[in-house]
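J.: return a 3D structure for these sequence lines:
(one chain, ligands or ions: 1)
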Amino acid sequence: MAGRGKKRRRPRRLRKSGKRLRRTFWRSFETTGAAMENLEIRKVGIVGAGVMGSGIAQAFALAGIETVITDVAESALRRGMETISASMDRMIKKEKITPEQKTRALAAIAAERDVQVVAGCDLVIEAATEDERLKLDIFRQLDALARPDAILASNTSSLSITRLAAATRRPAQVIGLHFFNPVPMMALVEIISGLQTSAETAAAAGRLAQRIGKTPVKVRNSPGFVVNRLLCPMINEAVFAVAEGLATPAEIDEAMKLGANHPLGPLALCDLIGLDVELAIMQVLHEGFKDPKYRPAPLLVEMVEAGRLGRKTGQGFFSYV
Ligand code: NAD
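T.: Reported below is the predicted structural model:
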């Protein structure tokens, strides 16, 4: 029973090394030094021309940065360019950009089927389908094609940047650039450093995010990063509340809008994100941390099984038909 109730102190040597580790960790995110000045990014390659890839290309092109977008599907490339044009038309209508800015931005984007185009880029952002095996293959391919000094980034919502980096011969130059949907509207970019990512790479990514008018937040690689780690459990808890009969979905959303000043209630937000996407992120958190506090709400699982995925299927916690 000796020592019970007493606060146990770690040996001085371990306390010191813990402090040193913490210092090293934070220092790795600092933006100092001349080396980073060499990492000026002039041309950006984007792999995957879907919802996110096209939005990311638009953001870079509007900032005057030469951009090349590539996709395995010709139809995706065509759709991506149409989406970009239509999005900029809306921005013109709202007087956020001028028609001349649109013309200049479109001229700054090249759409190419052949992934070899990444060879001339300073940064390549992978924004392909969320599938680990596919992304690992793409990273190996990009590593072989891109210049040795180029940075390779992923827009993944849930996969480990450390694992993607390990698939390349340049792990220090691999980083997560997590944009939010819709990219032209959303101000945040999470800059995710894997265990191997260098301070120079993180600093260059942060500066670049600022150049395109976004606010970077630096995050250590971890399941869900920051936003999804906090947002998705809140939505999941709202689903538990519905199942318990705590209040109706409309009442829960009203309470959170008025009581927490959220622009959208958690259940309407879940419908917008897609119940399948919410479930997938909760599964990543649950498996990543092995902590039961992240277990997906059984009602969420059941609704996904029923095909009630939210807005995209016309039915979620609310009806859209
Ligand atoms: P999407 O399905 O709209 O687009 C994916 C594109 O990748 C498709 O056009 C597909 O043809 C292409 N693709 C597949 N394999 C390819 C390959 N080998 N080479 C080149 N292109 C390939 O998906 P999305 O919603 O744009 O998501 C893309 C990434 O962004 C995912 O990792 C996702 O987790 C992440 N993300 C999505 C959101 C969102 O709200 N949709 C938000 C943040 C991050």
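J.: surely residue 105 touches residue 59?
T.: No - shown here, residue 105 and residue 59 do not form a contact pair, counting by CB atoms under 8 Å, at 9.5 Å. Backbone N, C-alpha and C define where each C-beta goes, glycine included.
J.: what parts of the protein come near the ligand?
T.: Counting by CB under 6 Å from any ligand atom, the residues of the chain lying close to the ligand are 47-53, 71-73, 76, 127-130, 134, 138, 155-157, 179-181.
J.: now these: which count as buried?
T.: When burial is judged by neighbour count using 16 or more other CB atoms under 10 Å, the buried members of those are 47-50, 52-53, 71, 76, 127-128, 138, 155-157, 179-180.
J.: quickly find the element holding residue 208.
T.: Applying DSSP states H and E as the criterion places residue 208 in helix 199-211.
J.: buried residues in that helix?
T.: The neighbour-count check on helix 199-211 (16+ other CB under 10 Å) flags 199, 200, 201, 202, 203, 204, 205, 206, 207, 208, 209 as buried.
J.: which non-adjacent residue is nearest the closest residue to the ligand within the chain?
T.: Sorted by distance to the ligand under CB to the nearest ligand atom, the residues of the chain start with residue 50, at 1.8 Å. If the residues on either side of it in the chain are set aside, residue 50 comes closest to residue 76, at 6.1 Å by CB to CB, 6 or more residues apart in numbering.
J.: send the alpha carbons of the helix or strand encompassing that neighbour over as PDB?
T.: When elements are defined using DSSP H and E, residue 76 is found to belong to helix 74-93. Presented in PDB, the C-alpha positions along helix 74-93 are these (Å, rounded to 0.1, in the frame of the first residue of the first chain):
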ATOM      1  CA  GLU A  74     -11.900  12.300 -69.200                       C
ATOM      2  CA  SER A  75     -15.500  12.900 -68.100                       C
ATOM      3  CA  ALA A  76     -14.400  14.000 -64.600                       C
ATOM      4  CA  LEU A  77     -11.900  16.500 -66.200                       C
ATOM      5  CA  ARG A  78     -14.600  17.900 -68.400                       C
ATOM      6  CA  ARG A  79     -17.100  18.100 -65.500                       C
ATOM      7  CA  GLY A  80     -14.400  19.600 -63.300                       C
ATOM      8  CA  MET A  81     -13.700  22.500 -65.700                       C
ATOM      9  CA  GLU A  82     -17.400  23.100 -66.100                       C
ATOM     10  CA  THR A  83     -17.900  23.300 -62.400                       C
ATOM     11  CA  ILE A  84     -15.000  25.800 -62.100                       C
ATOM     12  CA  SER A  85     -16.500  28.000 -64.800                       C
ATOM     13  CA  ALA A  86     -20.000  27.900 -63.300                       C
ATOM     14  CA  SER A  87     -18.600  28.600 -59.800                       C
ATOM     15  CA  MET A  88     -16.700  31.600 -61.100                       C
ATOM     16  CA  ASP A  89     -19.900  32.800 -62.900                       C
ATOM     17  CA  ARG A  90     -21.700  32.800 -59.500                       C
ATOM     18  CA  MET A  91     -18.800  34.700 -58.000                       C
ATOM     19  CA  ILE A  92     -19.100  37.300 -60.800                       C
ATOM     20  CA  LYS A  93     -22.800  37.700 -60.100                       C
END
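J.: and the angle for the helix or strand that that helix is followed by with helix 74-93?
T.: Towards the C-terminus, the helix or strand next in line after helix 74-93, according to DSSP H and E, is helix 99-108. Between the direction of helix 99-108 and that of helix 74-93, the angle (axes from the mean of the first three to the mean of the last three CA atoms, to 10 degrees) works out to 160 degrees.
J.: residues of the next helix or strand after helix 99-108 that come out buried?
T.: Past helix 99-108, further along toward the C-terminus, the next helix or strand under DSSP H and E is strand 109-112. Using 16+ other CB under 10 Å as the test for burial, strand 109-112 gives 109, 111.
J.: swap in stretch 270-284?
T.: Applying 16+ other CB under 10 Å to stretch 270-284 flags 270-271, 273-284 as buried.
J.: thank you kindly, that will do.
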